[in-house]
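[1] I need the structure of the sequence given here:
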Amino acid sequence: MPGSAVALWQGPAQPLRPADRRIALLLDSLWERHFADIPRVNDLVVGYDYPWKRHLGRIRMTLDQRTSQIGLNRLLDHDAVPSGVLVAILTHEIVHYAQGFGSPLPRAHRHAHAHGTVSHELAHRGLARYEDELACWVESAWPSFERRARAERQAAARTDRLVPCAVTSRVVYSL
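    Residues are numbered from 1 along each chain as shown. Sure, this is the predicted structure:
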């Protein structure tokens, strides 16, 4: 098993945020407790990704197949998100990895969600309650949470903009 999950989603130029570290530690803990029989045959990178409207997570592999990347919806980096939701998403993506989607392992099925294979695997590993918690949360809380989180992100982006300096330039354009 290559080392632990690395939380460098932003790339090496960005500082490691505490949220990224927490999610990497959570992934490692889940893997140790529930997926110890699944080998990690390549490096695994985890972090918060694009703030999708409908997707909560995804796994993909780099073209050189040296790294698998698990990305969680950036909107989920919020204190209001129950920890069980993050567990459900991460375990879902680990099952994809184990079944050869987003990893160099052989594919177990033609399609990633064929015949409820992810749900069956999570139930087999005693993780069905997290999947149920995620389903309830998505149905009851996600639409309003997503709108509120987007509004907060947009408001923060407006305040993070550069402040114009007091010096004005006197550029003359000639035609």
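[2] Disregarding flanking residues, what is the spatial nearest neighbour of Ser103?
    In space, and not counting its chain neighbours, Ser103 is closest to Tyr97: 4.4 Å by C-beta to C-beta, 6 or more residues apart in numbering. All C-beta atoms are positioned from the backbone trio N, CA, C, and that covers glycine.
[3] pretty sure that neighbour is touching Leu105, no?
    Yes - taking contacts as C-beta atoms under 8 Å, Tyr97 lies within contact range of Leu105: 7.1 Å.
[4] on that earlier part again, tell me the helix or strand right after the helix or strand containing the residue nearest to Ser103.
    Using DSSP states H and E, Tyr97 sits in helix 83-98. The helix or strand immediately downstream of helix 83-98 is helix 117-124, counting by DSSP H and E.
[5] can you list contacts of that following helix?
    With contacts defined as C-beta atoms under 8 Å, 6 or more residues apart in numbering, helix 117-124 is touched by 91-92, 95-96, 98-99, 108-109, 112, 128, 130-131.
[6] Any of the residues you listed buried? List them.
    91-92, 95-96, 98-99, 112, 130-131 (16 or more other C-beta atoms under 10 Å).
[7] Could you export those as TSV, including pLDDT and distance to Pro18?
    Listed next are the buried ones among the contacts of helix 117-124 as TSV, based on pLDDT from 0 to 100; distance: C-beta to C-beta, whole Å:
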residue	pLDDT	distance to Pro18
Thr91	97	22
His92	97	24
Val95	97	27
His96	96	26
Ala98	95	28
Gln99	95	31
Ala112	91	31
Tyr130	97	23
Glu131	95	27
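[8] Turn those into CSV, including distance to Asp77.
    What follows is the buried ones among the contacts of helix 117-124, written out as CSV (distance: C-beta to C-beta, whole Å):
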residue, distance to Asp77
Thr91, 18
His92, 18
Val95, 22
His96, 21
Ala98, 25
Gln99, 27
Ala112, 24
Tyr130, 18
Glu131, 21
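[9] Could you single out the nearest of the residues you listed to Val41?
    Comparing the buried ones among the contacts of helix 117-124 against Val41 with C-beta to C-beta places Ala98 closest, at 10.7 Å.
[10] ok, now which ones touch the closest one?
    By C-beta under 8 Å, 6+ apart, the neighbours of Ala98 are 35, 38, 105, 108, 121.
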